[in-house]
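# Have a look; sequence and predicted model below, questions after that.
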Amino acid sequence: MDSQTAEDGTQPPKTSAAKPSAKAKPTAAATQDHEHSDLPRNPGIALDLDWALSLEANTSAIERRCASLPGRRSVKKDYQAAWLLKAISLIDLTTLSGDDTEARVRRLCAKARQPVRADILSALGIDGITTGAVCVYHDMIPAAVRALHGTHIPVAAVSTGFPAGLSPFHLRVEEIRESVRAGAKEIDIVISRRHVLSGDWQALYDEMKAFREACGDAHVKAILATGELGTLRNVARASMICMMAGADFIKTSTGKESVNATLPVSLVMIRAIREYYERTGFHVGYKPAGGISKAKDALVYLSLMKEELGNRWLQPDLFRFGASSLLGDIERQLEHHVTGAYSAGYRHPMA
Ligand SMILES: O=C[C@H](O)COP(=O)(O)O
């Protein structure tokens, strides 16, 4: 995805990314939110426009690479269950609806604390698993903080005029500060798509830097809204600019665009993360979000991360799924693994 694109659309991995295999049985309940991360935060670097503008994307090669992913990496039985448990620990369990209530957020938080029914977990020999975070609108932060008291599960808040990001700039900055004061440990900001579409990279960098500063100690995820950026090349460049400006995570989508997380967009963003890491030494996390609702899709994303970035990027401080309904399908698959039968979807109501 830099100027010297390889046959599959980007340069081959230079990191120690191991190939996924059925023998790779991950640790299920690795809780590692950013407060307990052993990695330094990405402080950002000075804007390097030459570098950002050197990024290209070979769309057809990227699509070819992605088309080969689903189905190719299938882990079975106990290994599949272990990977699904790993996926749970990486979910930002999300509710972002106009009709959210405190009662709904409390139920969501109860699910985040105990994402899988006790009998299923006990049959799997696991205890103590939680989701990576709970993600809500600003007004729901206090309810989520109360409901998660006594756990290490952080509250993430969407911010800066989510989902369009078109409210006045000073209000977007103030919204971040308010959410941090209310107890959010992670802030999911939306970038101004127009800065990307008009090629105003300086404005994008300045905006992202201001958002990062307003976050203080809270970690910031930059939502690119990739479905509205026009080209994969824009996705690559916007990813790099946001990392240069100090993003802790880059995230695909709000879940409200007509096209949300896709594998081609993910490949481009993941390879931008790799290039940034190789040049600066700083780790930036990745969060695909929007429309990821099936356990098998989660496995494909994990496989992609492992192949492209290696195992270190499969911990909650460097990878999250933004998802409102993925957990329900994963729990269903785990129940099938344990009992041999599928239960009806309504038996896994929340998430
Ligand atoms: O950031 C998370 C997304 O809004 C969730 O999208 P989803 O409801 O399609 O899973």
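Cool, the structure landed. Numbering: from 1, shown residues only.
# who in the chain is up against the ligand?
94, 96, 135, 254-255, 289-291, 322-325 (Cβ under 6 Å from any ligand atom). In short, each C-beta sits where N, CA and C put it, glycine included.
# What residues of the helix or strand hosting Pro264 count as buried?
For Pro264, the element it lies in under DSSP states H and E is helix 263-280. For helix 263-280, the buried set under the neighbour-count rule, 16 or more other Cβ atoms under 10 Å, comprises 263-277, 280.
# Retrieve the pLDDT associated with Ala341.
Looking at Ala341, its pLDDT reads 83.
# Excluding chain neighbours, what is closest to the residue of the stretch 201-350 of the chain found nearest the ligand?
Closest approach of the stretch 201-350 of the chain to the ligand (Cβ to the nearest ligand atom) occurs at Gly255, with a separation of 2.4 Å. Excluding its sequence neighbours, the residue lying closest to Gly255 (Cβ to Cβ, 6 or more residues apart in numbering) is Gly290, at 3.8 Å.
# ok, now which ones touch that neighbour?
For Gly290, the contact set (Cβ atoms under 8 Å, 6 or more residues apart in numbering) comprises 252-257, 260-261, 322.
# just the buried members of the residues you listed?
Neighbour-count burial (16+ other Cβ under 10 Å) is assigned, among the contacts of Gly290, to 252-255, 257, 260-261, 322.
# I'd like those laid out as a markdown table, including distance to Ala298.
Formatted as a markdown table, the entries for the buried ones among the contacts of Gly290 read as follows, by distance: Cβ to Cβ, whole Å:
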| residue | distance to Ala298 |
| --- | --- |
| Thr252 | 14 |
| Ser253 | 16 |
| Thr254 | 19 |
| Gly255 | 15 |
| Glu257 | 20 |
| Asn260 | 14 |
| Ala261 | 11 |
| Gly322 | 12 |
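# from these, which ones fall inside helices?
The helices in this structure, assigned by DSSP state H, contain none of the buried ones among the contacts of Gly290.
# Which one of those is nearest to Gly183?
Out of these, the one with the shortest distance to Gly183 is Gly322. That distance is 19.6 Å, counting by Cβ to Cβ.
# list the contacts for the closest one?
Contacts for Gly322 (Cβ under 8 Å, 6+ apart) come out as 92, 94, 135, 188, 251-253, 255, 261, 287-290, 292.
# hmm, 10 Å instead?
91-94, 96, 132-133, 135, 156, 158, 188, 221, 223, 251-255, 260-261, 287-292 (Cβ atoms under 10 Å, 6 or more residues apart in numbering).
# how about the strands of the stretch 151-300 of the chain, start to end?
Listed in chain order, the strands of the stretch 151-300 of the chain (DSSP state E, counting those that start in this stretch) span residues 155-158, 186-190, 219-223, 249-251, 285-287.
# Now that Val259 has come up, it's in contact with Gly230, right?
No - if you go by Cβ atoms under 10 Å, Val259 and Gly230 don't touch, sitting 11.4 Å apart.
# Could you list the low-confidence segments of the protein?
For the chain, applying pLDDT under 70 flags the ranges 1-34, 71-73, 344-351.
# Let's check: the centremost residue of it is which one?
For the chain, the residue sitting closest to the mean C-alpha position, by Cα atoms, centre = their mean, is Lys287 at 1.5 Å.
# In contact with the residue nearest to Ile176 when sequence neighbours are not counted, which residues?
Closest residue in space to Ile176, ignoring its immediate chain neighbours: Ala214 at 4.1 Å, by Cβ to Cβ, 6+ apart. Taking Cβ under 10 Å, 6+ apart, we find Ala214 in contact with 159-160, 172-180, 187, 189, 220.
# go again using 8 Å as the cut-off
173-174, 176-177, 180.
# How about Leu124?
For Leu124, the residues meeting the contact criterion (Cβ under 8 Å, 6+ apart) are 28, 81, 85, 334, 337-338.
# Ile330: neighbouring residues, count only.
As a burial measure, the neighbour count of Ile330 was computed by other Cβ atoms under 10 Å and equals 28.
# Look up how far Glu102 lies from it.
When distance is defined by Cβ to Cβ, to the nearest Å, Ile330 is 26 Å away from Glu102.
# Tell me where the protein has helices.
When assigned using DSSP H, the helices of the chain occupy the ranges 49-54, 59-67, 77-88, 102-113, 118-124, 141-147, 169-181, 193-197, 201-215, 232-244, 263-280, 295-309, 326-339.
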